[in-house]
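**Student:** What shape does this take:
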Amino acid sequence: MSIIDVPITTYIEKHIVTQYSQFDRAHNLDHVRRVIQNSFEIAKDYLVNLNMVYVVAAYHDIGLLKGRKDHEKNSAAFLLADKKLRDWFSQDEIHIMAQAVEDHRASSDHEPRSIYGKIIADADNDLEYFSVLTRCVQHGLAYFPHYDQDTHFDRVIEHLTEKYGEGGYLQTWLNSEHDRRGLSKIRNKLASDLKGLRADFDKIMKLEGSE
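**Tutor:** From the prediction side, this is the model:
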């Protein structure tokens, strides 16, 4: 696997990644950097172009500039329209990356069309337990600020169960150790340690609410 080209990282860090500072806490700079890191961790087991892996991860949520609805399609369109990428990638590579970005949503109704789509879909899940719980809290505070603490917790449990619980709608495509480890901890918390989950939730609420 090749080292990421410096001109690509220089451009993307300056013009793309910084845009995430405008988004809600669940999709901010910390989120995109985690997704980039997760993508590299998953990609290490595959013969892929790491420059493409990096670009897909960096652009995957950039469509939020136009709002939450259809953001994956807007992200793909943004990537396709970025003429600067033509300095480093062929038209076929740009098309593959745009497809991968469009395919990244956990609730997508179809399997990602390439290995790059599967990598970003799994990386975006970011299944580390505290990251998942923190994103749930951040989303609730951003979109349901009128909820009291108990109502926030009920919403978090409902979301975690629907998405990450046994039979949930979350799909993982590459069965990486990264995903297996994180998903197992989330499911164990839901099944047998709600008290501990509540304690973790309360700590994160206190931290996020004080910012």
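**Student:** Output the below-cut-off pLDDT ranges for the chain.
**Tutor:** Applying pLDDT under 70 to the chain picks out residues 1-3, 106-109, 210-211.
**Student:** again, 50 this time
**Tutor:** Scanning the chain for pLDDT under 50 picks out 1-2.
**Student:** What residue spans form the domains of it?
**Tutor:** If you go by automatic domain parsing, the domain ranges for the chain are 6-111, 129-209.
**Student:** How much space separates the residue sitting nearest the centre point of the chain from Leu50?
**Tutor:** What sits nearest the mean C-alpha location of the chain, by C-alpha atoms, centre = their mean, is Asp124, with 2.5 Å. Using C-beta to C-beta, to the nearest Å, Asp124 is found at 17 Å from Leu50. C-beta: built from backbone N, CA, C; applies to glycine.
**Student:** can you list contacts of the one helix or strand Ala98 maps to?
**Tutor:** Following DSSP states H and E, one finds Ala98 within helix 91-102. Applying C-beta atoms under 8 Å, 6 or more residues apart in numbering, the contact partners of helix 91-102 are 49, 52, 55-56, 59-60, 72-73, 75-77, 79-80, 85-86, 89, 112-114, 116-117, 119-120.
**Student:** Only the buried subset of those, as a PyMOL command please.
**Tutor:** To isolate the buried members of the contacts of helix 91-102 in PyMOL, using 16 or more other C-beta atoms under 10 Å:
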select buried, resi 49+52+55+56+59+60+72+75+76+77+79+80+85+89+112+114+116+117+119+120
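**Student:** Which ones among the contacts of helix 91-102 lie within helices?
**Tutor:** 52, 55-56, 59, 72-73, 75-77, 79-80, 116-117, 119-120 (DSSP state H).
**Student:** ok, back up a step: give me the buried positions along the helix holding Ala98.
**Tutor:** Buried residues in helix 91-102, counted by 16+ other C-beta under 10 Å: 93-94, 96-102.
**Student:** Helix 50-59 and that one, what's the angle between them?
**Tutor:** 40 degrees (axes from the mean of the first three to the mean of the last three C-alpha atoms, to 10 degrees).
**Student:** Noted, bye for now.
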